[in-house]
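A.B. asks: Need the 3D shape of this:
(chains A, B and C)
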Amino acid sequence: MTPLPRAFYDRDTQLVARELLGKWLVHRRDGIERVGRIVETEAYLGAHDLAAHSARGRTARNEVMFGPPGHAYVYLIYGMHHCLNVVTERDGHASAVLLRAIEPVRNITGRTQGPGLLCAALRVDRSHNGLDLMSPTLFITEPDCEEPFAIARAPRIGVDYAGAWARRLLRFFIKGSEFVSKPAPSRKRNRAR
DNA sequence: TGCACGATGAAC
DNA sequence: TTCATCGTGCAC
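C.D. replies: Sure thing, here's the model as predicted:
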């Protein structure tokens, strides 16, 4: 298995988010190779995207987002869950794709539908922050075999604070996959439109 | 030095 | 609908 080249990540973030669907996410650790098929992603477009961590400026936490493409941005959320992102576009653009769900392929135990569960199942944590995805321990690769699938899009999850940016269709998932996350129904009221 | 708050998940 | 749980970022 060969890691996708850096050029894959050095492109439009929405395009990368779409094309990551169906790819295999691989993590080798303790002699175990865990593999999951990516079925759900979210695009965070850069410092102008009010839902992105990078929108509030460069800090110690989001430093990796501001770096070159093809690196892992992993952070701890709600004091207990990890989220894995891949940095996209040119150095300094501060965009990334959040990997939200995978379908188990090899050596995966437990549920994988949601960014926190994905990291737990793959044994990915903050120690992987900044890791180059060209590395043999954590990378994304073409699947061994793949059947055609349809892509659906929807608003991103958990970013209601971002106003109009929260309503943009920047979440992508494989239509009909049972491994796509099913977040709790939003308590959002009827919204005029 | 203190404190409010998450790109979540699970229980009630 | 509520809560667990803690690193981060920014206000004092």
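A.B. asks: residues contacting A:V39?
C.D. replies: For A:V39, the contact set (Cβ atoms under 8 Å, 6 or more residues apart in numbering) comprises A:L21, A:G22, A:A101, A:I102, A:E103, A:F173, A:I174, A:S177, A:F179, A:V180. The C-beta positions use only the backbone N, C-alpha and C, and glycine is treated the same way.
A.B. asks: can we see that at 7 Å?
C.D. replies: A:L21, A:A101, A:I102, A:E103, A:F173, A:I174, A:S177, A:F179, A:V180 (Cβ atoms under 7 Å, 6 or more residues apart in numbering).
A.B. asks: ok, now A:F149?
C.D. replies: A:F149 neighbours (Cβ under 7 Å, 6+ apart): A:G22, A:I174, A:K175.
A.B. asks: Now do it against A:G22, distance only.
C.D. replies: 6 Å (Cβ to Cβ, to the nearest Å).
A.B. asks: what is in contact with these two at once?
C.D. replies: In contact with both A:F149 and A:G22: A:I174, using Cβ under 7 Å, 6+ apart.
A.B. asks: Reduced to three states, what does A:L169 come out as?
C.D. replies: Following DSSP: H, G, I helix; E, B strand; the rest coil, the label given to A:L169 is coil.
A.B. asks: Need the phi and psi values for it.
C.D. replies: The phi/psi pair for A:L169 (degrees, to the nearest 10) reads phi -90, psi 80.
A.B. asks: Not counting its neighbours along the chain, what's nearest it?
C.D. replies: In this structure, A:L169 finds its nearest non-sequential neighbour in A:R153, 4.2 Å apart by Cβ to Cβ, 6 or more residues apart in numbering.
A.B. asks: got the contact list for that neighbour?
C.D. replies: A:L169, A:R171, A:F172 are the contacts of A:R153 under Cβ under 7 Å, 6+ apart.
A.B. asks: now do A:Q14
C.D. replies: Here A:Q14 is in contact with A:A43, A:L170 (Cβ under 7 Å, 6+ apart).
A.B. asks: can you tell me the helix or strand for it?
C.D. replies: helix A:13-19 (DSSP states H and E).
A.B. asks: I'd like the next helix or strand past that helix.
C.D. replies: Using DSSP H and E, the helix or strand that follows helix A:13-19 in sequence is strand A:24-29.
A.B. asks: Strand partners (parallel or antiparallel) of that following strand?
C.D. replies: Next to strand A:24-29 in the sheet, as set by DSSP bridges, lie strand A:32-44 (antiparallel), strand A:138-141 (antiparallel).
A.B. asks: quick one, which of the ones you listed is nearest to A:G92?
C.D. replies: strand A:32-44 (14.8 Å; Cβ to Cβ).
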